[in-house]
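Participant: Need coordinates for the following:
(2 chains)
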Amino acid sequence: MSSPTSTPGGRKRNRNDIPATRSTSPPSQRRRGQDSSNADLPAMPTSPATDIASPTVHDTSLFSSPRRSVLPSEVDMSSPLIGARGTPARQRPDLGSVRKAPQVDLHSEPPSADGAVASEPSVGQKLVIWGTDVNVGTCKEKFQRFLQRFIDPTSNEDENAGLDLNEPLYMQKLEEISVVGEPVLNVNCGHVQSFDADLYRQLICYPQEVIPTFDMAVNELFFERFPDSILEHQIQVRPYNALKTRNMRSLNPEDIDQMITISGMVIRTSQLIPEMQEAFFQCQVCAFSTRVEVDRGRIAEPAVCRHCNTTHSLALIHNRSAFSDKQMIKVQESPDDMPAGQTPHTTVVYAHNDLVDKVQPGDRINITGIYRAVPMRENPRQSNVKSVYKTHIDAIHFRKTDEKRLHGLDEEADQKLFTEERVKTLKELAAKPDVYERLSSALAPSIYEHEDIKKGILLQLFGGTRKDFSQTGRGNFRAEVNILLCGDPGTSKSQLLQYVFNLVPRGQYTSGKGSSAVGLTAYVMKDPETKQLVLQTGALVLSDNGICCIDEFDKMSESTRSVLHEVMEQQTLSIAKAGIICQLNARTSVLAAANPVESQWNPKKTTIENIQLPHTLLSRFDLIFLMLDPQDEAYDRRLAHHLVSLYYQSEEQIEEELLDMAVLKDYIAYARTYINPRLNEEASQALIEAYVDMRKIGSGRGMVSAYPRQLESLIRLAEAHAKVRFSDKVETIDVEEAKRLHREALKQSATDPRTGFVDISILTTGMSATARKRKEEVAQALKKMIQSKGKTPAMKYQQLFDDLRGQSEAAITKDMFEEALRALADEDYLTVTGKTVRLL
Amino acid sequence: MPSSNDWINNPLGVVEEMFVQSNSNPEWEAKVLEYFKGKLKEKQAYSWIPSLNDVPLHYLKPNSLVKFRCLVQDMFDPEFYMGVYETIDPSTKAKVLRFGKYKDVTECGVDLNSRNTVTAERQTFYCVPIPGETLWEAFLNHSHTYARSSQARVVPSTSYIPSRQKRSYEEDDEMDTQPQKQREPHTGGSPQLHANGDSKRQETEAPSGQTTSPSNASSPLDLNFPLPGERGPACLVKVYEDLDSFKLNDMLEVYGILSVNPLLSVLSSLLDPTESMETPEEQRAHDPPASLVPRLHMLHARPLQHNNPLLCMFIYVVSSFMVEMASVRAEFLAYLTHILLGDGLAAEYLLLHLISSVYARRDVLPLGKFTLNLSGCPPNSSFTESLHQVIQELVPCTYRLSMTLHNMNSLRLVPRKDYVANRLVSGALQLARNTSLVLDETRLEQGQLDASGVQNITALGNLISWQKVDYDFNYHQMEFPCNINVFVTSEGRSLLPSDCQVPLQPQVTPPNLEEYLSTVHKAQLTSQINKFRVYLSVAQTLDYSISDEVTKAVEDDFVDMRKDDPQSVSAEDLHRMLVVARLLSLSLGQTSLSREGWMRAKHIDMLRRTRSQPQTTVNGNEP
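Facilitator: Have a look, this model is predicted:
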């Protein structure tokens, strides 16, 4: 395989081929020179290399292409045709115009005698592609071995779903290709690296040469194995996940002409650009036709017709020229990669052929491609040039990072890569018995105390386990925990919200005052240029898989709030606007903060009365916390100390805290991605008991104290607590904590101020059972009073009120009186018109 | 070695010399930097270099060393350029090695296939003059650095006063019709102020330059200044070293080589339009004609902590100034009291506000900000305007935003990324650190806020509460922390949140408010005003600490206060009192909190609160 004869060059030269030219971008040459001296390989022939530099070789190859190659040491990258049975090769504009590269024998000096090299296939000679250390034969062999042998038993990529992980992975993929007929083989560079580090290095450094070699190898292998399969064109290898560069910001001149993978967000895509690959010329005199291939973006127009020898008679026929698709894509650095205080960078990416229109503006993608720098073209009329290069990336592979949202999987999986050490520290932390307390105290350290609230928010950050009941028709169960904070103004609710918003990767922060229903959900917009309708997503959809923080929840308009009903239970958003009907995922946790209607929280009133929110909405919150001033001296002292120290803490202490925040972030991301706890037997028993107990409390006094929604909340909280412990099982202790927290929250928010009992109906129906009883009593008393008065068909409103007040021993407010009147009116006993009350 | 003046007049020559000497040893770059840094350190060297801020572009010599006091408004993508390249002489075929650093255009006959080419990376920053820079500041900078030397000018005999027009006080540019004369009183002691004809020439220069923009551009070039009505040179600064150390909205004094090569515009127009990947808008934003937006190749940059030129001059007297602090403070307070119609308490708070600055952030909480809401301002009068004029005389940068309904609905406050032109379109909230922003709420009338109006109000609220501005990147928002002193004047309590609200209680009721204020204003001597200016900048930059003992006292005090009446003092109040105590100590030049300082802070806070008691607090505006 290592001899050049095994690569029968232009035997079946495809007419789409582009003649061999070495890319002459100066940066690449400089780099090559450095690379070869760094590598452990014998040094490249240096001074004579210029003699065989591109132009000369290029010329000969043009002449020789129709025939059997005169220079056997030249590899035609375009036709890996062994056993291909006429399946056409497809050009790869993504790899640039280099299709045929000269090979250099490292041991034969001088290299100008490379014709002789072929004639004596000597032992021990080592042919490499000019300018690289790649030997086509070895490279091909290595890659075939990789395809045949590589097994990754621990693979968790969703693309490999359904494949047997203990069999060679890529052979299965080839089989898939033979069945499906899509001739593209995506190869994970990570796999190549773990299999053969040297091959990986070559792939990264010389993608332009190595990928066509891979193409050859894979096609040989494929057609050997599946000789009868028919493909549209030959298989193309698309490597992805090159680890070299991950961040757009770190691209530098060293990366030019190398394979890189960067992540970013698409901000603009161009129209399709047809790029001429081959021009078709016809002689106007004798109709003789000829084809000219595009060379470095230029077409050399034939001056003389070869047939009739007329000069300047050839005309370009556009319809018969060959074009390939090309698209310009602007990619912007993803916000997570950026250092604070700088603006994001953008990069131009060219997509070719079937990669065109694969991505849309707004997509977050990982691009693998070759980084290029093109000097500004020298203008014939201008001798000075701008000293700046234009850079772009020729895309080889796109991978949408948010694609998986469609499949309903956690998406941080491949964005967030944890190093082993990190995982180890995280696991160590998880093993500590007090991890729960530790984490909750690391949360917003600048906010003082409110331990239970922080714990609740911590559990919200972790979330429950996602369960799918769609087969039984109920759809997804909500896994997200919703929390409402209410309390006096100035109890740092907003600060807590801001903190959470800054902590989670997909957080959104809105204020009830400043947002409309449209801003929260999604709206349809007409693009002024294309007249196309575009769906713009709002805060709730954007925070899918994250947390939506809504401040001043109480100041939200009615219509806006109504949108939340669907989101907070069904976790979807339905849109029916301007002809677009769709359902968007909005699996977001809601963390809301509300102020009491009166400036201060009135402890004599129920939660509902204090914040005036509809109970239908309130019941969708798993936990409702009151943030009140505890008004106790020890607390005050600690608070004062905390605040004062806040104002003069040194820089180092602040540093320390930042570290904590990073750990906390990773901890949460890790748990959300990898931990999916399930209930064990004891825990389910404990939950059942807890629920029955909760129901019992109420039944004694003739009221319902728990609903199935509360049970669901308990389950979610228990699961979240198990996640905090990195445990795959929900155990009794998780249930205990869930119960405790739930009870604490209820104690705060659902205590009936009149009786002092916890009464869940305050939250579910908006009125406590005692209040309801009292209302009935007043109504009855009023009725009795009216009846005792005898036949008076009409009464004065004010007088009736005074009478009732005088009669009753308990204080009766105007509200109560009016409610009683309304109750009686409902009974059709009387009607109220203006200031008079009539009996019916 | 080059002669002493060469490094200013012909810096490229100096670089060339070093490059040739180095024999393509890459160390020449470091050497160049060192050389210029050393030269700039020399005494008075800063002042010899002409400044783009003051000298009109056409008076500056191309390829000379200039300086530019600016704000980084936008950061463009990094670009690769030929750091070193080879040229071939077409006749003799002789190859010469050349350098491309600090240049826009290469020499003739570049050998694109040369193996000696070195590709290097640089980044372009779009820089604008510091927004809201006040006149006295610009003038002082000018006279301070300019009076002495005029060597780099093309026409050495002429002189000028700063050509930069101040944005007018009115939103519409009415006042532009009556230009320089009005300002001359302020520029009192200028050494060279005879050339009135000269100033007229500058007057016409900027606008005409804008209309005769490139032949293919139909609309005038938008220079993207944050504040409406600003003028001045915008500049594309090419940065070569320490790219990561620069941040958006940094204030810099850039020393660099001026490049106004007309070839630049010629080259870009010659390029095949299908060949370039850029849209015409993008090209216009990134490659404006060099005659309008000069290029500046950075050799050295000095980040500016504050841009008070007085402080630079007085730098060695800061320690001695500390002694004076208390007395200057008293004078200053008296002055402010006069301005605020005899209201001493409001004056005290205004003083504290003026020296406030965000000194740290704890997770999301900015510490040290002190937004002041002065309520009870007479409506429909020019009170705020006059007040702003006073502030303008005191602080280096300020801007008055008149919160009319129309302004709120139509102004662009938050910067927004324009993806078509690939640039950050600036907004009025893109301001340098410690800029004083005066919001005039007395101008707000009843009416409908539209969507952008709501966004603007939200942005102002965020700015006040969190000291950050969320720049709009279309697909996402990006948070940029800022440090802007916001001062809100309103009739009643402001609809915007604030750290502290003081109702104005005028002790005097002058029949003609405007006249009164201008007489008070004029009565101050320039030397005194200068003292105030230094005072503010010094107080703003002082360090501060609280001893354990005082911490304890404060804690006890807080507990005691709560014991009497828990409703009276909340955590929020403690926050505010701590800030007040800090500012109060600093205003007296004390760098640590004393017990007396704390008591005094408590006292004035108490006074303030009793004053605002009648106006019941409306819920819902807590930060």
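Participant: could you point out the longest strand in chain B?
Facilitator: If you go by DSSP state E, chain B has its longest strand at strand B:65-88.
Participant: do that strand and chain A meet at all?
Facilitator: Yes: Strand B:65-88 lies within reach of chain A by CB under 8 Å from any CB of the partner chain, at B:74-75, B:77-82, B:85. In short, each C-beta sits where N, CA and C put it, glycine included.
Participant: Which element is encountered next along the chain beyond that strand?
Facilitator: strand B:95-99 (DSSP states H and E).
Participant: can you dump the C-alpha coordinates of that following strand into PDB?
Facilitator: Extracted in PDB, the C-alpha atoms of strand B:95-99 (Å, rounded to 0.1, in the frame of the first residue of the first chain):
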ATOM      1  CA  LYS B  95      13.900  41.300  -2.900                       C
ATOM      2  CA  VAL B  96      13.500  43.600   0.100                       C
ATOM      3  CA  LEU B  97      12.000  42.600   3.500                       C
ATOM      4  CA  ARG B  98       9.500  45.100   4.900                       C
ATOM      5  CA  PHE B  99       7.200  45.300   7.800                       C
END
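Participant: That one packs against which elements?
Facilitator: With contacts taken as 3 or more CB pairs under 8 Å, 6 or more residues apart in numbering or on different chains; DSSP states H and E, strand B:95-99 sits against helix B:11-22, strand B:65-88.
Participant: could you point out which element follows it?
Facilitator: In N-to-C order, the element after strand B:95-99 by DSSP H and E is strand B:118-129.
Participant: hmm, which helix or strand of chain A has the shakiest average pLDDT?
Facilitator: Sorted by mean pLDDT, DSSP states H and E, the helices and strands of chain A end with helix A:54-64, the least confident at a mean of 37.
Participant: which of the helices and strands packed on strand B:95-99 is buried the deepest?
Facilitator: Mean neighbour count (mean count of other CB atoms under 10 Å in any protein chain shown) peaks for strand B:65-88 among the helices and strands packed on strand B:95-99, with a mean of 23.
Participant: Quick one: mean pLDDT over that strand.
Facilitator: Regarding strand B:65-88, the rounded mean pLDDT is 87.
Participant: cool, and stretch B:498-509?
Facilitator: The pLDDT scores in stretch B:498-509 average 84.
Participant: Check stretch A:823-832 too.
Facilitator: Per-residue scores along stretch A:823-832 average to 74.
Participant: Stretch A:675-682 too?
Facilitator: 80.
Participant: same for the longest strand belonging to chain A, what does it pack against?
Facilitator: Of all the segments assigned as strand in chain A under DSSP E, the longest by residue count is strand A:259-283. Contact partners of strand A:259-283 among helices and strands, from 3+ CB pairs under 8 Å, 6+ apart: helix A:197-205, strand A:289-293, strand A:314-316, strand A:322-333, strand A:346-352, strand A:364-375, strand A:388-400.
Participant: would CSV of these with mean neighbour count, distance to A:Phe801 and mean pLDDT be doable?
Facilitator: Putting those into CSV (neighbours: other CB atoms under 10 Å in any protein chain shown; distance: least, CB to CB, whole Å; pLDDT from 0 to 100) gives the following:
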stretch, mean neighbour count, distance to A:Phe801, mean pLDDT
helix A:197-205, 20, 87, 86
strand A:289-293, 16, 99, 82
strand A:314-316, 17, 97, 83
strand A:322-333, 20, 67, 86
strand A:346-352, 22, 71, 87
strand A:364-375, 22, 65, 84
strand A:388-400, 21, 68, 84
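Participant: Of all those, which one is nearest chain B?
Facilitator: Taking CB to the nearest CB, strand A:388-400 is the member of the helices and strands packed on strand A:259-283 nearest to chain B, at 4.3 Å.
Participant: List the contacts of residue 431.
Facilitator: Picking chain A for this. A:Ala431 sits next to no residue when contact means CB atoms under 8 Å, 6 or more residues apart in numbering or on different chains.
Participant: The intended chain is chain B.
Facilitator: Counting by CB under 8 Å, 6+ apart, B:Leu431 touches B:131-132, B:226, B:249, B:397, B:399, B:437, B:482, B:484.
Participant: Look up how far A:Lys665 lies from A:Tyr499.
Facilitator: 12 Å (CB to CB, to the nearest Å).
Participant: Which of the two has more residues huddled nearby?
Facilitator: Per other CB atoms under 10 Å in any protein chain shown, whichever of A:Tyr499 and A:Lys665 has more neighbours is A:Tyr499, with 23 against 16.
Participant: can you tell me the helix or strand for the more buried one?
Facilitator: helix A:493-503.
Participant: Send over that helix as CSV, restricted to the C-alpha atoms.
Facilitator: The C-alpha trace of helix A:493-503 is given here as CSV (Å, rounded to 0.1, in the frame of the first residue of the first chain):
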residue,chain,number,x,y,z
LYS,A,493,-36.3,39.4,46.7
SER,A,494,-35.2,41.1,43.5
GLN,A,495,-31.6,40.5,44.5
LEU,A,496,-32.2,36.8,44.9
LEU,A,497,-33.9,36.7,41.5
GLN,A,498,-30.9,38.5,39.9
TYR,A,499,-28.6,36.1,41.5
VAL,A,500,-30.4,33.1,40.2
PHE,A,501,-30.6,34.7,36.8
ASN,A,502,-26.9,35.1,36.7
LEU,A,503,-26.2,31.6,38.0
